[in-house]
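A.B. asks: give me a model of this one.
(one chain, ligands or ions: 2)
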Amino acid sequence: MKVLLIGSGGREHALAWKIAQSPKLTKLYAAPGNPGIAEEATIVALDTEDHAAVADFCRSEAIDFVVVGPEGPLVAGLADVLRSAGIAVFGPSAAAAQLEGSKGFTKDLCARYDIPTGAYGRFTDADNAKAYVRAQGAPIVIKADGLAAGKGVTVAMSLDEALAAVDDCFSGAFGAAGAEVVVEAYLDGEEASFFCLSDGKTALALASAQDHKRVGDGDTGPNTGGMGAYSPAPVMTAEVIERTMKEIIEPTMRGMAESGHPFSGVFFAGLMITAKGPELIEYNVRFGDPECQVLMMRMKSDLLPLLYAAATGTLDGMSAEWRDETALTVVMASKGYPGSYAKNTPIDALPTASDTTKVFHAGTAMKDGALVATGGRVLNITATGTSVSAAKDRAYAAVSAVSWDNGFYRNDIGWRAVAREKA
Ligand code: AMP
Ligand code: GLY
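C.D. replies: Residues are numbered from 1 along each chain as shown. Ligands and ions are numbered 1, 2, ... in the order given. The predicted structure is shown next:
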């Protein structure tokens, strides 16, 4: 099978690494890629926003299957263009990608199918939103409706903070994404991410993970795209997974099919495990980054046939096998991230990969033959172990073998699970 992978982050490096191990693969291409992905795939200079150009490349190279990593091209309709050109593609249509692209869309679906999630209101003007906020009281959560690069959510612990967040959204802080605002009940519990393949009619549970969204140790400082993750998440017990499938994933899949937009791709459910059970915080329509890195380290099965089955409606009867180990990844980011940071800073040394340790590249580039950091999140230092503590020790030992003056990282990835193991 000839495969084209779209994307350039740590998630796509992990997907490329795993797909490259498939006996079914004959040739892997990637666009735009990064130096880590280049070790696994042939990089092609394609403008991935030019959907017609991507389809032309697939035709001229006889690509059998396209795997789309990030949400941007999906929300913009890349999967639709490729499917109508007769090319199999992993990732939902633009209509189905609304599950991530519009929080209001997802909340309405939850309401129709009785999917557990926080009570909510949708607003297009500040006065009505504020009246609802005042009536509900704090804590309360204010969300820009559209894609805001993970920054459109305010978990307001006071009424003043909530009212200010409403004003921020409507004053254009998140551009068009904030033209509509969702106000949502605050959910209390432990967060977990859950991943599940769907071909539109069959769902196949993959695995769970826990991300660390705040930039600083002890979950302090601003939100980021994710500073580290581990899998599995201990809070996702077999019982919680079964309830998640039955109460959240399956009704979502049914709802999407009944609305005429069957969902094919991966459901990434952001969950709050509350005293009542799992509740949906949000959906993403692609793998998490850095959650994908730890999932791929744990997956025993061949990934490629699973993705292809999700794309072609043939998931029924398939299964996924996992290593009975924990995988943990530490994100190394450029100093200043998630604010502004210097570009093209030199990375002088990386740890050597082994069966238990792997470095996935995100914002890196080759400049004059040397590796440099060009992005906010730059490296994912990933390791497996027989416990979270063991995986953590191994990952941080590898982190200390990285020589990059402008890099920083959190020192406490996995702290919740490590505390549990020590209790
Ligand atoms: P999101 O961008 O929707 O993932 O939200 C960012 C973060 O805000 C989530 O990871 C949660 O930590 C938090 N959050 C979002 N919605 C809620 C909610 N209803 N209750 C509590 N925390 C929330
Ligand atoms: N790590 C969170 C995300 O990929 O959205």
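
A.B. asks: would residue 239 count as being in a helix?
C.D. replies: Yes - going by DSSP: H, G, I helix; E, B strand; the rest coil, the assignment for residue 239 places it inside a helix.

A.B. asks: confirm that residue 296 sits in a helix.
C.D. replies: Yes - Residue 296 forms part of a helix when assessed by three-state DSSP.

A.B. asks: okay, helices next: where are they in the chain?
C.D. replies: 10-19, 51-60, 71-75, 78-84, 98-101, 103-113, 126-136, 159-170, 238-244, 250-258, 291-298, 303-312, 388-399, 415-422 (DSSP state H).

A.B. asks: and ligand 2, is the first one touching that?
C.D. replies: No - using C-beta under 6 Å from any ligand atom, we find that helix 10-19 stays clear of ligand 2, coming within 7.3 Å at best. C-beta: built from backbone N, CA, C; applies to glycine.

A.B. asks: what is that helix packed up against?
C.D. replies: In terms of contacts (3 or more C-beta pairs under 8 Å, 6 or more residues apart in numbering; DSSP states H and E), helix 10-19 is packed against strand 2-7, strand 27-32, helix 291-298, helix 303-312, strand 357-361, strand 377-385.

A.B. asks: in JSON lines: these, plus mean neighbour count and mean pLDDT.
C.D. replies: Below are the helices and strands packed on helix 10-19 laid out as JSON lines (neighbours: other C-beta atoms under 10 Å; pLDDT from 0 to 100):
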{"stretch": "strand 2-7", "mean neighbour count": "24", "mean pLDDT": "98"}
{"stretch": "strand 27-32", "mean neighbour count": "20", "mean pLDDT": "98"}
{"stretch": "helix 291-298", "mean neighbour count": "27", "mean pLDDT": "98"}
{"stretch": "helix 303-312", "mean neighbour count": "21", "mean pLDDT": "98"}
{"stretch": "strand 357-361", "mean neighbour count": "25", "mean pLDDT": "98"}
{"stretch": "strand 377-385", "mean neighbour count": "26", "mean pLDDT": "98"}
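
A.B. asks: please identify which of these is closest to ligand 2.
C.D. replies: For those, proximity to ligand 2 was assessed by C-beta to the nearest ligand atom; helix 291-298 is nearest, at 5.7 Å.

A.B. asks: residues contacting that closest one, please?
C.D. replies: 10-11, 13-15, 17-18, 193, 195, 206-207, 209, 211, 226, 229-232, 268, 287, 303, 322-323, 325-329, 358, 360, 380, 382-384 (C-beta atoms under 8 Å, 6 or more residues apart in numbering).

A.B. asks: filter those down to the buried ones.
C.D. replies: Applying a neighbour-count criterion of 16 or more other C-beta atoms under 10 Å, the buried members of the contacts of helix 291-298 are 10-11, 13-15, 17-18, 193, 195, 206-207, 209, 211, 226, 229-232, 268, 287, 303, 325-329, 358, 360, 380, 382-384.

A.B. asks: for the closest residue to ligand 2 within the stretch 151-300 of the chain, give me phi and psi.
C.D. replies: Here the stretch 151-300 of the chain gets closest to ligand 2 at one residue, residue 226, 3.2 Å apart by C-beta to the nearest ligand atom. Dihedral angles of residue 226 (phi, psi; degrees, to the nearest 10) stand at phi 130, psi 120.

A.B. asks: residues from this structure in reach of ligand 2?
C.D. replies: 211, 225, 226, 284, 288, 289, 291.

A.B. asks: for the protein, give me the ranges with low pLDDT.
C.D. replies: Low-confidence regions of the chain, defined by pLDDT under 70, span residues 148-150, 178.

A.B. asks: recalculate using a threshold of 80.
C.D. replies: Per-residue confidence for the chain (pLDDT under 80) gives these ranges: 146-151, 172-179.

A.B. asks: show me what contacts the residue lying closest to residue 7 once chain neighbours are set aside?
C.D. replies: Spatial nearest neighbour of residue 7, excluding adjacent residues (C-beta to C-beta, 6 or more residues apart in numbering): residue 69 at 2.9 Å. Under the criterion of C-beta under 8 Å, 6+ apart, the contact list for residue 69 reads 5, 6, 7, 9, 11, 12, 15, 286, 287.

A.B. asks: same question, residue 169
C.D. replies: By C-beta under 8 Å, 6+ apart, the contact list for residue 169 reads 142, 144, 152, 178, 181.

A.B. asks: partners of the closest residue to residue 119 other than its chain neighbours in the sheet?
C.D. replies: The shortest distance from residue 119 to any residue that is not its chain neighbour, by C-beta to C-beta, 6+ apart, is 4.6 Å, and that residue is residue 185. Residue 185 has these beta-bridge partners by DSSP bridges: residue 140.

A.B. asks: so residue 185 touches residue 118, yeah?
C.D. replies: Yes - the pair residue 185 / residue 118 is scored as a contact, 3.6 Å apart, by C-beta atoms under 8 Å.

A.B. asks: any common contacting residues for the two?
C.D. replies: residue 141.

A.B. asks: from the neighbour counts alone, determine which of these two ranks first.
C.D. replies: Neighbour count, other C-beta atoms under 10 Å: between residue 185 and residue 118, residue 118 has more, with 19 against 15.

A.B. asks: residues touching that one, list them.
C.D. replies: With contacts defined as C-beta under 8 Å, 6+ apart, residue 118 is in contact with 141, 184, 185, 186, 187, 279, 281.

A.B. asks: quick one: it from ligand 2, how far?
C.D. replies: 19 Å (C-beta to the nearest ligand atom, to the nearest Å).

A.B. asks: residue 402 now?
C.D. replies: Taken as C-beta to the nearest ligand atom, the span from residue 402 to ligand 2 is 21 Å.

A.B. asks: contact residues of the protein facing ligand 1?
C.D. replies: Neighbours of ligand 1 within the chain, by C-beta under 6 Å from any ligand atom: 118, 141, 150, 153, 155, 184, 186-187, 191, 213, 270, 281-282.

A.B. asks: now with 8 Å, please.
C.D. replies: With C-beta under 8 Å from any ligand atom as the criterion, the chain meets ligand 1 at residues 103, 117-118, 139, 141, 143, 150, 152-153, 155, 184-188, 191, 211, 213, 223, 270, 272, 281-282.

A.B. asks: show me those that map onto strands.
C.D. replies: Of the positions in the residues of the chain next to ligand 1, 141, 143, 153, 155, 184-185, 191, 211, 223, 270, 272, 281-282 sit in strands, assigned by DSSP state E.
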